[in-house]
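Build me a model:
(one chain, ligands or ions: 2)
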Amino acid sequence: MLTERDASFMGAALDLARQGLYSTHPNPRVGALVVQGENIVGRGAHLFAGEAHAEVIALAEAGATARGATVYVTLEPCSHQGRTGPCADALIDAGVARVVVAMQDPNPLVAGQGIARLRAAGIPVDLGCGEAESRALNPGFLQRMEKGRPWIRLKQAISLDGAVALGNGQSQWLTGTLARADVQKERARVSAIMVGVGTVLADNPRLAPRLEVPLRRYPVKVVLDTQLRTPADAALFASPGTVWLAHGPEVSAVKRRTLQKAGAELLALPLDGVRLDLRALLQLLAGKQINEVLVEAGPTLASALLRADLVDEWLVYVAPMLLGQGARAVVQLGPFARLAEAPRWQSRGFELLDNDLKWTLRPQEN
Ligand code: AOF
Ligand code: ZN
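Ligands and ions are numbered 1, 2, ... in the order given. As a prediction, this is how the structure comes out:
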């Protein structure tokens, strides 16, 4: 039986899990709380793959007071011996009396076995408290485990008249400093940042998050570059984080070698028409443990992803300015003959960042 009190302790465990927002890749963000009577006696957050899981840290803090305690965990305790030991066994050994779990771990290595092991040891387990919040914290990990592809978050800065640049390409900057600082945080949380080669050639971006504190882990930089046109002296080679260049079947050995020497890892992909097969790319990224991807797309890549129904979330930073006639539209879709055919999106939240609006959208569910 779950109570209000359970919900409130699980809320605290979720807050702990959020400490891993920028660093747990490729693992999920997980928090754990040990409660003895009315008192919190242990707190844990999983922070880094290869290091202790949340439960282990929380149990260590609780020590002997874990005996008879209730433990709140935002993801099913693991049952496998991975980089760290099975958390289900650690909970059993500590003698806890009850475990409240936000959601089952879809990782096939766990998938219900952690909960089964606790129950087999006579420990009651309540499942589902805070499930929506826990899911929201790990969209990429969950989608990779459940659907074999990463979570695609498309990010664009647009004008009030729906454009990303003037006709001559000028686009720096539409949004103000606060919105641009927010993008750095969006970069820092993901497993990979993705752009088309057009963006590399036009803006020569570094694509590494710039935050006040150095990160323990930097996202991979993925460039969609069918013909391998990325210059070997592109700025992204000099910034922190690995570079992956996704290219098509027909690229010269010389180009391949030059770019590998510059530090790139090359990902050969099949074509879908004249462009890279995006589904194949996402499958490959999932195989390389990429959870969330921030796509900093120009209109071409954005349109391709939208047409293929591959955008899971759209972050639109709207600058209240007008770019006028001849400006480059945010996407090229349609034309649609009837409004009923026009794709609609669901608003999932907004934030005013100084003079700009950050709008979070998800595809309309049918
Ligand atoms: C937990 N508690 O805090 C986390 C869990 O390679 P390892 O040993 O770190 O295992 C990673 C897997 O463990 C990960 O894919 C996910 O299924 C689970 N994460 N489990 O009991 C935690 N982070
Ligand atoms: Zn574990």
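
contacting residues for the nearest residue to L75 once chain neighbours are set aside?
With C-beta to C-beta, 6 or more residues apart in numbering as the measure, V30 is the residue that lies nearest to L75, at 4.7 Å, once sequence neighbours are left out. Every C-beta, even on glycine, is put in place using the N, C-alpha and C of the backbone. With contact taken as C-beta atoms under 8 Å, 6 or more residues apart in numbering, V30 is in contact with A17, G20, T24, A45, H46, H53, A54, V73, T74, L75.

Which of those residues fall in helices?
A17, A54 (DSSP state H).

Looking at the contacts of V30, which one is closest to ligand 2?
In terms of C-beta to the ion, no member of those lies closer to ligand 2 than H53, at 3.4 Å.

what about the closest one, how many neighbours?
When neighbours are defined as other C-beta atoms under 10 Å, H53 has 26 of them.

Run through the stretch 51-200 of the chain and note the low-pLDDT ranges.
Segments of the stretch 51-200 of the chain classed as low confidence (criterion: pLDDT under 70) are not present in this model.

of all the residues in it, which ones are close to ligand 2?
Along the stretch 51-200 of the chain, the residues adjacent to ligand 2 under the rule C-beta under 5 Å from the ion are H53, C78, C87.

where's the second one relative to F9, distance?
Using C-beta to C-beta, to the nearest Å, one obtains 21 Å as the distance from C78 to F9.

With the first one instead?
When C-beta to C-beta is applied, the distance between H53 and F9 equals 18 Å.

What segments of the stretch 51-200 of the chain are strands?
With DSSP state E, counting those that start in this stretch, the ranges of strands along the stretch 51-200 of the chain come out as 70-73, 98-101, 125-127, 151-159, 163-165, 192-196.

Quick check, R18 in contact with R29.
Yes - the pair R18 / R29 is scored as a contact, 6.6 Å apart, by C-beta atoms under 8 Å.

The two - which one has more neighbours?
Neighbours were tallied for R18 and for R29 using other C-beta under 10 Å; the higher tally belongs to R29 (27 against 14).

need the contact list for the spatially closest residue to the more buried one that is not a sequence neighbour.
Counting by C-beta to C-beta, 6+ apart, the nearest residue to R29 once its immediate chain neighbours are dropped is G20, at 4.1 Å. When contacts are counted by C-beta under 8 Å, 6+ apart, G20 touches N27, R29, V30, G31, A45, H46, L47, F48.

Tell me the secondary structure at the second one.
By that I understand R29. Following DSSP: H, G, I helix; E, B strand; the rest coil, we place R29 in the coil state.

State the distance from G42 to A64.
Going from G42 to A64 by C-beta to C-beta gives 11 Å.

whoops, I mixed them up, T360
45 Å.

burial of G241, as a residue count?
Using other C-beta under 10 Å, G241 has 19 neighbouring residues.

pretty sure it is touching L207, no?
Yes - using C-beta under 8 Å, G241 and L207 qualify as a contacting pair, with a distance of 7.3 Å.

Skip the chain neighbours and tell me the closest residue to the residue nearest the centre of the chain.
Averaging the C-alpha coordinates of the chain gives a centre point, and the residue nearest to it by C-alpha atoms, centre = their mean is E292 (2.5 Å). Setting aside the residues directly before and after it, E292 is nearest to G140 in space (C-beta to C-beta, 6+ apart), at 3.4 Å.

what about that neighbour, distance to A54?
Noted for G140: a distance of 18 Å to A54, by C-beta to C-beta.

again, but for L142
Computed as C-beta to C-beta, the L142 to A54 distance reads 17 Å.

If you count surrounding residues, which of these two has more?
In this view L142 and A54 are compared by other C-beta under 10 Å, and A54 has more residues nearby, 30 against 21.

Nothing else from me, thank you.
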